[in-house]
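**Q** when you get a sec, could you give me coordinates for this:
(4 chains)
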Amino acid sequence: MDKTIASLAEAVAIVENGMTVMIGGFGGAGAPIELIHELIDRFRATGAPHDLIVVNNNAGNGRIGIAAMIDSGMVAKMVCSFPRSSDPRAFTERYLAGNIGLELVPQGTLAERIRAAGAGIPAFYTPTSYGTDLAAGKPVAEFEGRHYVQERWLKADVALIKAELADRQGNLTFSKAARNFSPLMAMAAGRTVVQARKIVEPGMIDPEMVVTPGIFVDAVVEVAAPAQEEELIRQGVAR
Amino acid sequence: MDKTIASLAEAVAIVENGMTVMIGGFGGAGAPIELIHELIDRFRATGAPHDLIVVNNNAGNGRIGIAAMIDSGMVAKMVCSFPRSSDPRAFTERYLAGNIGLELVPQGTLAERIRAAGAGIPAFYTPTSYGTDLAAGKPVAEFEGRHYVQERWLKADVALIKAELADRQGNLTFSKAARNFSPLMAMAAGRTVVQARKIVEPGMIDPEMVVTPGIFVDAVVEVAAPAQEEELIRQGVAR
Amino acid sequence: MIAKLTSTQIAWRAAQDIEDGAYVNLGIGFPEMVARFQPAGRQAIFHTENGILNFGEAPKKGEEDWDLINAGKKAVTLNPGAAFFHHADSFAMVRGGHLDVAILGAYEVAETGDLANWSTGPKGVPAVGGAMDLVHGAKRVAVITDHVTKEGCPKLVKNCSLPLTGVRCVTRIYTSLAVIDIVALRFVLREKLPSMSFDELQSLTGAELLVDGEIGLLTVPEL
Amino acid sequence: MIAKLTSTQIAWRAAQDIEDGAYVNLGIGFPEMVARFQPAGRQAIFHTENGILNFGEAPKKGEEDWDLINAGKKAVTLNPGAAFFHHADSFAMVRGGHLDVAILGAYEVAETGDLANWSTGPKGVPAVGGAMDLVHGAKRVAVITDHVTKEGCPKLVKNCSLPLTGVRCVTRIYTSLAVIDIVALRFVLREKLPSMSFDELQSLTGAELLVDGEIGLLTVPEL
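**A** You can find the predicted model right below:
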């Protein structure tokens, strides 16, 4: 079994029009910039994939990464907790013009809904958002004298994530806070595609250190020197 | 902040009559034998704590560990998925005589109920046990054309678990499959007491390797050469 | 008395359907035997409920590490690429549909796919383990079993009489006499022992066997 | 114009109530400032939603590691005993009640403990982040805020007019003028600036201030 693939182009080829795509990262930590930019290049060259629903904590920053996806016009809707950033123009402009959808989800609920999808839990109850506008229309139940909101799992067709090490079986480690949503998204997507800083042979990652076991991963491509979003923004890079 | 305590006696002193006590381990892997035996010694010497509800995947093996707790008469009820073992006499005899209670929970549901307690999720839906006797009396709901059973969180007053390394802030690692339920129980209990093979200074455990962050741990006691259940049983040891 | 497959041979037959790279959970006891018969050139990755992916064979006697055990509490070893995780993650793999195949034992399987394999009734100490999770977890839930009970009664039935493990969950049954799929709530015979007639097999089966195309020959090596 | 505490001084006051060894989450922006003022001899452990426990101060300019950031996307460092974890575990800590203290900013706080701090209405782009989780997570949910808006209107009110972050969640409010607890759905004044009379303070507060025992003096160093 070898889940490595040779090119970014092959990695993003599975994304189709209208798919829900989870993208790892919180701020620049864990953002799979190279996978995202490859997907944008494909859209610009071929017109597909379009009408994507993108799941990420944020909605892009500056003119690169998810912001550049939005700028390109390939995103129909964002599912996120915090569609703001130091430079949120890409989302803000389209949103205020009514050209992109938004499902706003509290951060912990977003994480738990994604985990639930990966764990085969179709619904769960959380105290979060009870009594607020974000609970509108959702079932409410009382347990032990306290009120809770029923939330549903959040699945994706594809997850694009960034890892530190990957072995050929898809076992992954992450770098520091770049872990964030990525292990959850890997569980929740029909297909999980990973860019890893280094691909190693099975057995080279201590079984105690594996954060995402290979069962949750479908394809791994090596990006040895990944760009960091914060650096690109500092340099004023636009995709 | 220093969560280390000097003695096993101090470690188990917080367990009171009628408490729900989660005990880590699956088979002998991760079984905190020394904490359990200290608790039995306390009960034999003082008559307390009694009427405990014990949560573990199994219900003891041979005449040591949880089996010895049951033998001693301090356990009112077991919550477990598989109350059988190579030598299940302790539980079997009391159960068939009507002298101990049993809540039988499918293994994955047991794990998820414990995690839910730790994660502030009072209830969730699972396909597990739908249409079976173990779903009797539980709410059922349909999501996307499939039926699910509503399960509730499972909390404990105290968790007794065994770790490999602990630092003074309570960050933990585990040894191989000794991890099993322990990280979940640490989250779900009001107070989590840990026996660790070695206690180290904060900073000595790589932050990437921490399995249970210290926020879930209240007290750590060092047991440098813990007994292994399988070895004790092979030797015919009884407590 | 008709010749029938041994347990070892049933396990061998089940192993032939496991694809290279498949993630597989084998129930404790008899189903564990399936791992011995991976066809050459294929390597499945085995999952155990207690938190290991890609474990390997049993260690030599005396070399057991009792922190390295499977769900049956038997000592195992690790293959390159193994990973440890806690029980909630382990059953996320199960319940979340990430396993390709789960192979379980059975007391009874109904033509609807209902399975009974955890309780023989109200007597004794009930124990369920991970069975109720596994039947809802894997993409393919298969059963390996003798075709009939020790008393000669059908284990493949119209409706289960014993407490259920899961409803409409089994998709394939490997028995000592046949390979049977469950399609649209009916038994469909795929393979049978060459020495046995369809009518003989039907007489040992508690619900109607449908045929859809050719019936393959269930041929298994001496083992 | 009455003298009032600066933001820095409000943060200082809030920091005095954090016990040694407490697990603390500070909201992004103004509340982050609280970490600077830990009393001597006490060490809190700070949690950030994006998966770090026990992070430390900002690194020097030019030494940022952009994989090591807090929820406000600012670069941080690690203290000895730090740990990384994913977002579901991070919010298990929050929602599961494992934090001792969460300190948040506010647009409005009602005497019932209702908090509004995420949306100023239907205009613009809404963003909530982790605020709705945090208000149900910590054992103690405190707010730090100016006592009144820039326009001089009370931020401590009978009922929130802005969209709620959480219902009955706040238990203590540190303002530029006072320290106020919420007890049984009412404001109870604990401390006020020595220079201000009770009536003045009441006139700047949108709901009745109760008194339960002595009112302490809110005295804060120059900072």
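**Q** how far away is the residue lying farthest from the centre of chain C from residue C:72?
**A** With distances taken as C-alpha atoms, centre = their mean, the residue sitting farthest from the centre of chain C turns out to be residue C:62, at 29.7 Å. Using C-beta to C-beta, to the nearest Å, one gets 19 Å for the distance from residue C:62 to residue C:72. The way it works is simple: take the backbone N, C-alpha and C, and place the C-beta from them, glycine included.
**Q** repeat for residue A:5
**A** Plainly put, residue A:5 is 37 Å away from residue C:72 if you go by C-beta to C-beta.
**Q** same deal with residue A:29?
**A** For residue A:29, the distance to residue C:72 - C-beta to C-beta - is 41 Å.
**Q** who has more neighbours out of these two?
**A** Set side by side, residue A:29 and residue C:72 give different neighbour counts by other C-beta atoms under 10 Å in any protein chain shown, the larger being at residue A:29 (28 against 17).
**Q** report the beta-bridge partner residues of the more buried one.
**A** Taking DSSP bridges, one finds residue A:26 as the beta-bridge partners of residue A:29.
**Q** wait, it sits on residue D:67?
**A** Yes. Applying C-beta atoms under 8 Å, one finds residue A:29 in contact with residue D:67, separated by 4.7 Å.
**Q** shared neighbours, these two?
**A** Residues touching both residue A:29 and residue D:67 (C-beta atoms under 8 Å, 6 or more residues apart in numbering or on different chains): A:175, A:176, A:177, A:178.
**Q** counting neighbours, which of these comes out on top?
**A** The member of these surrounded by the most neighbours (other C-beta under 10 Å) is residue A:178, with 30 neighbours in all.
**Q** now do the same contact list for that residue.
**A** Residue A:178 is in contact with A:25, A:29, A:30, A:162, A:164, D:67, counting by C-beta under 8 Å, 6+ apart.
**Q** quick check: the farthest pair among these?
**A** The span of these, defined through C-beta to C-beta, is set by A:25 and A:164 at 13.2 Å.
**Q** more neighbours: the two, which one.
**A** In terms of neighbours (other C-beta under 10 Å), residue A:25 is the more surrounded of residue A:25 and residue A:164; the figures are 26 against 20.
**Q** ok, the more buried one - contacts?
**A** Residue A:25 sits next to A:31, A:32, A:56, A:57, A:65, A:161, A:162, A:178, A:180, A:181, A:182, A:229 when contact means C-beta under 8 Å, 6+ apart.
**Q** out of everything not next to it in sequence, what's closest to the third one?
**A** Spelled out, that is residue A:56. Nearest non-adjacent residue to residue A:56, counting by C-beta to C-beta, 6 or more residues apart in numbering or on different chains: residue A:23, 4.7 Å away.
**Q** distance of that neighbour from residue B:5?
**A** Taking C-beta to C-beta as the measure, residue A:23 falls 45 Å from residue B:5.
**Q** neighbour count: those two, which is higher?
**A** residue A:23 (30 against 17).
**Q** hang on, the earlier thing: out of the shared contacts of residue A:29 and residue D:67, which are inside helices?
**A** Members of the shared contacts of residue A:29 and residue D:67 lying in helices (criterion: DSSP state H): none.
**Q** what's the closest of those residues to chain C?
**A** Using C-beta to the nearest C-beta, residue A:175 is the member of those that sits closest to chain C, with 18.1 Å.
**Q** in terms of pLDDT, where does the closest one sit?
**A** Listed pLDDT for residue A:175 reads 98.
**Q** wait, it sits on residue A:164?
**A** Yes. Counting by C-beta under 8 Å, residue A:175 does reach residue A:164; the two are 4.3 Å apart.
**Q** please enumerate the strands of chain C.
**A** In chain C, the strands defined using DSSP state E lie at C:23-26, C:45-48, C:52-55, C:78-84, C:101-104, C:108-110, C:115-116, C:140-145, C:156-157, C:172-175, C:178-183, C:186-192, C:209-217.
**Q** of the ones you listed, which is nearest residue D:83?
**A** With respect to residue D:83, and counting by C-beta to C-beta, the nearest of those is strand C:78-84 at 17.1 Å.
**Q** ok, residue C:112 to residue B:140 distance?
**A** For residue C:112, the distance to residue B:140 under the criterion C-beta to C-beta works out to 18 Å.
**Q** which residue of these two possesses the greater neighbour count?
**A** Applying other C-beta under 10 Å to residue C:112 and residue B:140 shows that residue C:112 carries more neighbours, namely 20 against 12.
**Q** shouldn't that one be in contact with residue C:184?
**A** No. Using C-beta under 8 Å as the test, residue C:112 is too far from residue C:184 to be in contact (9.7 Å).
**Q** circling back to that earlier point, and the contacts of residue A:178 as CSV, adding pLDDT?
**A** Compiled in CSV, the contacts of residue A:178 are given as follows (pLDDT from 0 to 100):
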residue, pLDDT
A:25, 98
A:29, 97
A:30, 98
A:162, 98
A:164, 98
D:67, 97
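**Q** residue C:132: which of those is nearest?
**A** The closest of the contacts of residue A:178, once distances to residue C:132 are taken by C-beta to C-beta, is residue A:30, at 35.7 Å.
**Q** residues in contact with the helix or strand harbouring residue A:94: which ones?
**A** Applying DSSP states H and E as the criterion places residue A:94 in helix A:89-96. If you take C-beta under 8 Å, 6+ apart as the criterion, helix A:89-96 is touched by A:59-60, A:62-63, A:67-68, A:70-71, A:78, A:83, A:100, A:102, D:124-125.
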